[in-house]
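A.B. asks: Take a look and give me a structure for this.
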Amino acid sequence: MPSAGVVTGFSELTLEARDPARLARFYQEAFGLELIASGDDRVWLAAGARARLGLWDPGPKEFGDEGGVHVHFAFTVAPGSLEAMATRVRELGVPVEGPVTHDGGDRSLYVTDPEGNVVEAWDLFEREDATVHTLSDGE
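C.D. replies: Predicted structure coming up:
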């Protein structure tokens with residue numbers, strides 16, 4: 001495993017959304033994220049104590065941001081919370097895959113948000129026995 005460097009984690013992830021306010025409501029209802037701020041072209045949600053999720057209208061933004069397609073992203077969640085989260089998301093009428101148990105015992109569930117982004121809720125980094133999987137582990 002690579003040694004820890006100066007990067008200590010993610011602070012921000014931004015997704016393009018045709019309707020940022022609608023997508024924000026989904027993340028608030030499905031994952032319990034709290035609203036930090038909203039503006040004319042973006043919404044910010046808290047994703048834990050030290051990270052935020054941005055939902056932005058399409059189009060050019062500051063620093064040359066242009067939006068685009070991604071594969072998926074994952075939220076860190078507490079062990080034992082996935083069943084309740086899966087139930088809450090299903091009650092919103094959204095299909096859920098999982099919880100899935102991976103080699104090593106960590107667990108995830110997968111949801112596709114209203115904009116087509118695949119979102120994973122993963123308990124690995126909150127487990128006492130957490131180790132980072134290699135690419136051969138399928139993550």
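
A.B. asks: Need phi/psi at Ala21.
C.D. replies: The phi and psi torsions at Ala21 (degrees, to the nearest 10) take the values phi -70, psi -40.

A.B. asks: Give me the pLDDT for the residue lying closest to it once chain neighbours are set aside.
C.D. replies: Once flanking residues are discounted, Ala21 sits nearest to Val43: 6.2 Å by Cβ to Cβ, 6 or more residues apart in numbering. Heads up, the C-betas are built off the backbone N, CA and C, glycines and all. We have a pLDDT of 96 for Val43.

A.B. asks: Identify the bridge partners of Val43.
C.D. replies: With DSSP bridges applied, Val43 shows beta-bridge pairing to Ser38, Leu55.

A.B. asks: got a list of what it touches?
C.D. replies: Counting by Cβ atoms under 8 Å, 6 or more residues apart in numbering, Val43 touches Pro20, Ala21, Leu23, Ala24, Leu35, Ala37, Gly54, Leu55.

A.B. asks: Same question for Pro95.
C.D. replies: Val111, Thr112.

A.B. asks: helix, strand or coil for Thr87?
C.D. replies: Under DSSP: H, G, I helix; E, B strand; the rest coil, Thr87 falls in the helix class.

A.B. asks: roughly how far apart are it and Glu126?
C.D. replies: Separation of Thr87 from Glu126 (Cβ to Cβ, to the nearest Å) stands at 19 Å.

A.B. asks: higher neighbour count, these two?
C.D. replies: Glu126 (14 against 10; other Cβ atoms under 10 Å).

A.B. asks: May I have the phi/psi pair for that one?
C.D. replies: Here Glu126 shows phi and psi, under degrees, to the nearest 10, equal to phi -100, psi 0.

A.B. asks: Next one: it from Pro79, what distance?
C.D. replies: Taken as Cβ to Cβ, the span from Glu126 to Pro79 is 6 Å.

A.B. asks: For my notes, confirm Glu120 occurs in a strand.
C.D. replies: Yes. Looking at Glu120 with three-state DSSP, it is inside a strand.

A.B. asks: check which helix or strand covers the closest residue to it other than its chain neighbours.
C.D. replies: In space, and not counting its chain neighbours, Glu120 is closest to Ala74: 3.7 Å by Cβ to Cβ, 6+ apart. Secondary structure from DSSP states H and E places Ala74 in strand 72-76.
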